[in-house]
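> sharing a model that was predicted from the sequence below.
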Amino acid sequence: MRFGVPASGPMDRKAFAIANAALGNPPGAAGIEVSRGGLTLECLEGAVTLAVAGGGFILRHGAQSFGSWHVLTLRAGQSLSVRPGPWGCWTYLCFAGQLQAPVWLGSTATHGPSGLGGGRVMPGQDLTIADARVLAREGPIPCPVWARPRAMVHAVAGPQDRFFSDETLEDFASQAFHLTDSYDRMGVRLRGPLLHPQAALSIPSEAILRGSVQVSGDGVATVLLADHQTTGGYPKIATILFDDLDGFAQLRPHDRVRFRMISAEEAVARARRGAKVVQDYLARSHVA
């Protein structure tokens, strides 16, 4: 980030980790993030086991159709289609092997707006899986309740809450917002009560993070996501708890969300509890 490059990476980091763990892959092994635009793959040669986790997507494999959260094996001549289902915006496809992708700044993560990094998957593109493995395990992956969309997220005030009146802060904490169609990997604009800052929008630009809720001069709030810019001068009324961001990212445009304000101390405690729950789940999902 000190070079102006966001960390990017998966919008739903927990689902991505689960897909890799289900195959016994090391954490962070390259995979494919699939949006509601969907994806179709055809196996040209060999065979490989893969896992799909995240969202309520629909998979079609030959004559079979089932939900995401599944491990299956794709063999030469077979195809797999991934299409949006009843819920969620993102799902993750990982392979038992090494998906070959360009490495940029030490990572295969793709910066969506520029395409730098591992890169976007394009129509007609060939993908290579090195050291492809076929695993004995096939079938459903348990979908934990915390992997579902979160219509209520916890947030800590600030760091620029001082630029907002008490009434505006109360509106933010007590009223509902809706995600809009202005939604991409950089962030999503919200529709709801206007949160007009009291002071001029002339604060110095500073580093910002995923989960910041920044407010523009027209009073519209935007939640910054994986490909957010690295600095900004708009005031941030609150910061969403890191552990809640994966569930927030699975909300679709026009879905409703509310913010529950908590103290920094409670945020730390919640983050630690959430991390332990996820680690326990990943340990049970691991395939040696």
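Arrived safely. Everything quoted here is computed from the prediction, not taken from an experiment.

> what residues of stretch 137-145 count as buried?
Ile141, Cys143 (16 or more other CB atoms under 10 Å). Where you see a C-beta, it was placed from the backbone N, CA and C, and this is true even at glycine.

> just the CA atoms of that stretch, as CSV, please.
The C-alpha coordinates for stretch 137-145 follow below in CSV (Å, rounded to 0.1, in the frame of the first residue of the first chain):
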residue,chain,number,x,y,z
ARG,A,137,-13.0,-36.8,-1.4
GLU,A,138,-16.0,-35.6,-3.3
GLY,A,139,-19.3,-34.2,-2.2
PRO,A,140,-20.7,-31.2,-0.2
ILE,A,141,-18.7,-28.8,1.9
PRO,A,142,-20.6,-27.8,5.1
CYS,A,143,-21.6,-24.1,4.7
PRO,A,144,-21.2,-22.5,8.1
VAL,A,145,-23.9,-20.0,9.1
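
> can you list the weak-confidence ranges in the stretch 51-200 of the chain?
By pLDDT under 70, the low-scoring segments of the stretch 51-200 of the chain are 200.

> what's the burial count for Val268?
13 (other CB atoms under 10 Å).

> helix, strand or coil for it?
helix (DSSP: H, G, I helix; E, B strand; the rest coil).

> same check, this time on Gly247
helix.

> what about it, how many residues nearby?
Using other CB under 10 Å, Gly247 has 21 other residues around it.

> repeat for Pro113
Considering only other CB under 10 Å, Pro113 is surrounded by 13 other residues.

> list the contacts for the closest residue to it other than its chain neighbours?
The spatially closest residue to Pro113, leaving aside those adjacent along the chain, is Asp227, at 6.1 Å (CB to CB, 6 or more residues apart in numbering). Counting by CB atoms under 8 Å, 6 or more residues apart in numbering, Asp227 touches Pro6, Ser8, His111, Gly112, Pro113, Asp184, Arg185, Met186.

> how far away is the second one from Arg191?
Same thing as Ser8. 26 Å (CB to CB, to the nearest Å).

> burial measure for the closest residue to Thr108 other than its chain neighbours, as a count.
Leaving out its chain neighbours, the residue that sits closest to Thr108 by CB to CB, 6+ apart is Gly118, at 3.8 Å. When neighbours are counted by other CB under 10 Å, Gly118 registers 22.

> which SSE is Gly118 in?
Under DSSP states H and E, no helix or strand contains Gly118.

> give the buried residues for the longest strand seen in the chain.
Longest strand in the chain, counting residues (DSSP state E): strand 79-87. Within strand 79-87, the residues scored as buried using 16+ other CB under 10 Å are Leu80, Val82, Arg83, Pro84.
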